[in-house]
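Participant: Curious how this folds, go ahead:
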Amino acid sequence: MSKLEVERTLVLFKPDTVQRGLVGEILTRFERVGLKVVGTKMIFPDRDHYYRHYEDIGQMVTRRGQQAFDVTLEMMQVGPVIAMVLEGVESVALVRKMVGGTEPKSAAPGTIRGDFSHMSFEYADGKKKGIPNLIHASGDAEEATKEIGHWFSADEIYSYEIAHERFVR
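Facilitator: You can find the predicted model right below:
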């Protein structure tokens, strides 16, 4: 039997989420399941910041190719993002489950992408544009640690207790 871990994970509310005014509604979903916001800020990163995030950490060129990487960086630079660190029991897997599949068209109803977006990879690729899928969520605990270190300094992460913790920890 493995020990359940309290983890931290990075969530980015992408420019399409910010510009559509969906941040509060989506954040509410994370808070309702008991995830705790331990870091948050609005930021308008430059290409170098995104390059480090998507390639140095996420190895997107290797996984999806140069064109997908280029259109993603272009799409991410159309406006600010809200970066958050969420904390909770097995938060990385929980957040990924709540967010849904990367392709909005295929994301299950009830997930964030399934409920608030609909574009297919085929359509986006045909238009040579990034896919507006609302959220970035860390892929695993190791990636989360690297991403949090890239987006936040140690003094931007806070420790405090929320009521939910009494019931689950």
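
Participant: Could you point out which residue ranges in the chain have low pLDDT?
Facilitator: Residue ranges of the chain with pLDDT under 70: 1-4.

Participant: Please enumerate the helices of this structure.
Facilitator: Counting by DSSP state H, the chain has helices at residues 15-20, 23-32, 47-51, 60-64, 66-76, 91-99, 112-116, 121-127, 141-151, 165-168.

Participant: What degree of burial does Y123 show, as a neighbour count?
Facilitator: Burial of Y123 is recorded as 12 neighbouring residues (other C-beta atoms under 10 Å). Placement of C-beta: from N, CA and C, glycine included.

Participant: I'd like the helices of the chain as CSV, with distance to M84 appended.
Facilitator: As requested, the helices of the chain are exported to CSV (distance: least, C-beta to C-beta, whole Å):
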stretch, distance to M84
helix 15-20, 11
helix 23-32, 8
helix 47-51, 16
helix 60-64, 21
helix 66-76, 16
helix 91-99, 10
helix 112-116, 13
helix 121-127, 25
helix 141-151, 9
helix 165-168, 18
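
Participant: nearest to E5, of the ones you listed?
Facilitator: With C-beta to C-beta as the criterion, E5 lies closest to helix 141-151 of those, at 7.6 Å.

Participant: quick revisit: between the helices of the chain, which one is closest to V85.
Facilitator: Shortest distance between V85 and these, using C-beta to C-beta, is found for helix 141-151: 5.5 Å.

Participant: Tell me how far the closest one lies from the chain's centre.
Facilitator: Here helix 141-151 is found 11 Å from its chain centre; the criterion is C-alpha atoms, centre = their mean, to the nearest Å.

Participant: relative to helix 91-99, how tilted is that helix?
Facilitator: With axes from the mean of the first three to the mean of the last three C-alpha atoms, to 10 degrees defining the directions, helix 141-151 sits at 90 degrees from helix 91-99.

Participant: buried residues in helix 141-151?
Facilitator: Buried positions in helix 141-151, judged by neighbour count with 16 or more other C-beta atoms under 10 Å: E143, A144, T145, K146, E147, I148, W151.

Participant: Going by distance to D46, which of the residues you listed wins?
Facilitator: W151 (13.3 Å).

Participant: What count of nearby residues applies to the nearest residue to that closest one once chain neighbours are set aside?
Facilitator: Excluding the flanking residues, the one nearest W151 by C-beta to C-beta, 6 or more residues apart in numbering is A83, at 4.8 Å. The tally of other residues near A83 (other C-beta under 10 Å) stands at 23.
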